[in-house]
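>>> my questions are about this predicted structure, shown below with the sequence.
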Amino acid sequence: MSRQAPWNRALLRAPLDWWEERDAFFKDGVLALVLALLAFVPTLSNIGGQIGDLPERPASVLSVGLVLAQTLPLAARRRWPAGCLAVVAGAFAVYQALGFATTFGSLGLYLALYSAGAHQVRVRRGLASVVSAGYAVLALVLDRLGSPQGIADYLAFYLTLAAFWLVGSTVRIRRVEEAQRRRLAAEVATAAERARIARELHDVVTHHVTAMVVQADAAQFVLTSAPEKAGEGLAAVSDTGRRALTELRYLLGVSEATGESASADLARAERAPTLGRLGDLVEQARRSGQPVEFNEQGERRAQSVDVGLAAYRVVQEALTNAMKYAAGQLTRVVVRHGEDRIEIEVTTDGPTASWASAPAVREPGPGGGRGLAGLRARVRMVDGELEAGPRPEGGFGVRASIPSKPVQE
């Protein structure tokens with residue numbers, strides 16, 4: 001029995017999927033046809049709209065035509081709601097004035113009013129005024145033809161018709177508000193993605209270009225005195241450039257092709273910036289002539305993409321600033337892997353005055369900030385904290401505390 005259940009659900013689901021794939025005109029056409037057929041079912045003749053209570057006339061070819069005119073135009077109720085309402089309401093008014101028997105097809109007027117309220121975009125007030133004026137004329141005609149109903153009856157029927165219009169208008173308002181919310185959400189997501197890509201570009205380009213400049217300057221300095229060291233420096237420049245191109249290729253190429261988060265794509269790259277590649281950052285800084293001491297404490301665990309990338313960028317930005325503002329000064333990188341948090345501390349020796357131009361206190365710009373200011377925003381996104389500034393004993397320090405989010409294997 002349990003084996004047959006999925007098969008039965010699939011059989012039931014197939015028609016529903018087919019129906020959902022049809023366009024609105026097809027669906028409304030089926031609705032109009034069904035309503036037209038039900039209008040000629042005798043058992044449903046007592047269900048419908050009626051006003052006037054005029055003496056009943058026998059059915060005729062004209063009555064059949066008027067019933068069809070109240071139902072079949074509903075096929076265009078979403079495509080041309082005003083025209084649909086005009087035809088259906090006109091047929092209903094003539095049908096009532098001639099005194100034909102009530103049919104199920106008269107419900108088409110209610111559907112036409114709802115559709116006009118929900119789908120009519122232009123001249124909504126004008127359409128409502130025309131329909132109201134037409135109803136007033138119908139009431140006067142019915143009264144002249146001897147209808148026993150009074151003003152209260154006509155008013156009650158008018159309020160019923162207005163209720164269907166208002167229900168449709170409410171649906172339309174909610175649909176417009178939902179579309180606006182989705183548009184705003186898409187704009188916010190786009191802005192956030194642009195800011196994220198800008199931060200990635202800054203981190204990648206600034207770090208690697210800074211390293212390349214330092215390496216190239218060092219190679220030029222020893223070009224005549226120690227050609228072999230100059231060759232090592234140029235090789236380091238080439239290696240740094242390749243690393244930059246690798247990260248940029250995944251950052252720009254994949255983001256442009258898929259529109260997905262740059263952080264998620266970088267994690268799939270061969271040279272993905274993660275905690276496990278901090279040694280590469282340190283080695284690159286050393287090859288650029290920056291003395292770096294690296295100390296990793298605790299058991300390193302595989303972290304989520306955002307946490308691993310944030311920790312990597314903290315060390316990368318600190319080393320970049322060290323090479324820019326304190327070249328040749330000893331830099332210490334300490335990473336502590338705790339149970340709940342990852343603590344990162346990067347300190348660089350040197351006089352405090354040499355860090356006067358460091359970007360530690362700059363405010364983020366419209367694009368989300370650059371350098372340490374942008375790094376603070378990145379760390380806050382993973383519920384972490386970052387402090388950066390000159391040290392009392394001289395030099396500069398960057399400290400970050402990031403919640404640990406190990407990947408569940």
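That came in fine, so what should we check first? Numbering: from 1, shown residues only.
>>> next SSE downstream of the lowest-mean-pLDDT helix or strand in the chain?
When the helices and strands of the chain are scored by mean pLDDT, DSSP states H and E, helix 262-266 comes last with a mean of 47. Following helix 262-266 in sequence order, the next helix or strand is helix 278-287 (DSSP states H and E).
>>> now that next one - C-alpha only, PDB.
Extracted C-alpha coordinates of helix 278-287, given in PDB (Å, rounded to 0.1, in the frame of the first residue of the first chain):
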ATOM      1  CA  LEU A 278      46.800  31.600   6.300                       C
ATOM      2  CA  GLY A 279      50.300  30.100   5.900                       C
ATOM      3  CA  ASP A 280      50.300  31.100   2.200                       C
ATOM      4  CA  LEU A 281      49.500  34.700   3.300                       C
ATOM      5  CA  VAL A 282      52.400  34.700   5.800                       C
ATOM      6  CA  GLU A 283      54.800  33.200   3.300                       C
ATOM      7  CA  GLN A 284      53.800  35.700   0.600                       C
ATOM      8  CA  ALA A 285      54.500  38.600   3.100                       C
ATOM      9  CA  ARG A 286      57.900  37.100   3.900                       C
ATOM     10  CA  ARG A 287      58.800  36.800   0.300                       C
END
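>>> just after it, pick out the following helix or strand.
strand 292-297.
>>> grab the nearest non-local neighbour of Ser115.
Ranked by C-beta to C-beta, 6 or more residues apart in numbering and with sequence neighbours excluded, the top spatial neighbour of Ser115 is Arg77, at 3.8 Å. The way it works is simple: take the backbone N, C-alpha and C, and place the C-beta from them, glycine included.
>>> middle-most residue in the chain, spatially?
Taking C-alpha atoms, centre = their mean, the centroid of the chain lies closest to Ala186, which sits 4.1 Å from it.
>>> phi, psi for that residue please.
Here is the backbone geometry of Ala186 (degrees, to the nearest 10): phi -70, psi -40.
>>> and it, what does it touch?
Ala186 makes contact with no residue under the criterion C-beta atoms under 8 Å, 6 or more residues apart in numbering.
>>> which stretches of this protein form helices?
For the chain, helices defined by DSSP state H occupy the ranges 4-21, 24-38, 61-71, 81-97, 108-119, 124-144, 151-221, 227-248, 255-258, 262-266, 278-287, 305-325, 371-381.
>>> Ala82 versus the residue of the chain most remote from its centre, what's the distance?
Ranked by distance from the centre of the chain (C-alpha atoms, centre = their mean), the top residue is Gly146, with 60.7 Å. Remark: distance between Gly146 and Ala82 (C-beta to C-beta, to the nearest Å) = 33 Å.
>>> please apply the same query to Ala75.
From Ala75 over to Ala82 (counting by C-beta to C-beta), the distance is 15 Å.
>>> the residue nearest to Ser115: neighbour count?
Look at Arg77: counted by other C-beta atoms under 10 Å, it has 26 neighbours.
>>> same question, the one 10 residues further on
Using other C-beta under 10 Å, Val87 is surrounded by 19 other residues.
>>> go on, the one 10 residues further on?
Residues lying near Ala97 (other C-beta under 10 Å) number 17.
>>> likewise for Arg243?
Neighbourhood size, Arg243 [other C-beta under 10 Å]: 19.
>>> likewise Val305?
Per other C-beta under 10 Å, the neighbour tally for Val305 reads 19.
>>> read off the pLDDT value for it.
Looking at Val305, its pLDDT is 79.
>>> cool, and the one 5 residues further on?
Confidence at Ala310, expressed as pLDDT, is 86.
>>> picking up where we left off before, would you single out the least confident of the helices of the chain?
Note on the helices of the chain: helix 262-266 shows the lowest mean pLDDT, a mean of 47.
>>> could you work out the end-to-end span of stretch 213-233 for me?
By C-alpha to C-alpha, to the nearest Å, the extent of stretch 213-233 from end to end equals 11 Å.
>>> correction: the previous question concerned stretch 42-57.
One end of stretch 42-57 to the other measures 16 Å (C-alpha to C-alpha).
>>> report the buried residues of it.
Gly48, Gly49, Gln50, Ile51, Gly52, Leu54 (16 or more other C-beta atoms under 10 Å).
>>> fine by me, thanks again.
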